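*Asks:* Quick check, what structure comes out for this input:
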Amino acid sequence: MSLVATERRPLSIFVVEDHEDTLMYFRMYLEDSGHRVFQASSMEEALKAVPDANCDVLISDVGLPDGDGWELLNRLRDSGLPYPPFSIAMSGFGMNADRLKSVAAGYRHHILKPFNVDQLDVLLEEASRETHPGFASGSGC
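*Replies:* Below is the predicted model:
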């Protein structure tokens, strides 16, 4: 486990990924890092579950079997229901237009698959600082 992962407050993270092995890896890594993990493997499944999950972070694949991660975030936002304040798009598509589309949809970051866990840890540290101010600096919540 990286040093970054041990310094941040555990997060509640919702992962949307249709590739079963990738989803299993995410869940194992995130839980081993002390986070609470919710998951969905499709956009419709996520639309039903995300509002009730009350998560800090949404990590969503852009390519889903029944839509895309951009539509997912747009529909969550337009629903008026709660959704995670910090969102990360992940994709095999890394063109500038793809990144801009992620930002336009409301994602804070767009990471290119495959990525290493250190890159993910940096983003989760940022999420922890924003969703739980003061914790990472040692002043508590």
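
*Asks:* in stretch 78-92, what's buried?
*Replies:* For stretch 78-92, a neighbour-count test (16 or more other CB atoms under 10 Å) marks 83-84, 86-91 as buried. C-beta here means a position set from N, CA and C on the backbone, and glycine is covered the same way.

*Asks:* actually stretch 45-64, not the one I typed
*Replies:* Under 16+ other CB under 10 Å, the buried positions of stretch 45-64 are 46-47, 50, 53, 55-64.

*Asks:* And stretch 14-28, end to end?
*Replies:* For stretch 14-28, the separation between the terminal residues is 13 Å (CA to CA, to the nearest Å).

*Asks:* Please save the CA atoms from the top helix by length along the chain in CSV.
*Replies:* Criterion DSSP state H: the longest helix present in the chain is helix 117-131. Extracted in CSV, the C-alpha atoms of helix 117-131 (Å, rounded to 0.1, in the frame of the first residue of the first chain):
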residue,chain,number,x,y,z
VAL,A,117,-2.4,2.8,-8.6
ASP,A,118,-0.1,5.6,-7.7
GLN,A,119,-2.0,7.8,-10.1
LEU,A,120,-5.3,6.7,-8.6
ASP,A,121,-4.0,7.3,-5.1
VAL,A,122,-3.1,10.9,-5.9
LEU,A,123,-6.6,11.5,-7.1
LEU,A,124,-8.2,9.9,-4.1
GLU,A,125,-5.9,11.9,-1.8
GLU,A,126,-7.3,15.0,-3.5
ALA,A,127,-10.9,13.7,-3.1
SER,A,128,-10.2,13.1,0.6
ARG,A,129,-8.9,16.6,1.2
GLU,A,130,-12.0,18.1,-0.5
THR,A,131,-14.6,15.8,1.0
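
*Asks:* This completes my enquiry, with thanks.
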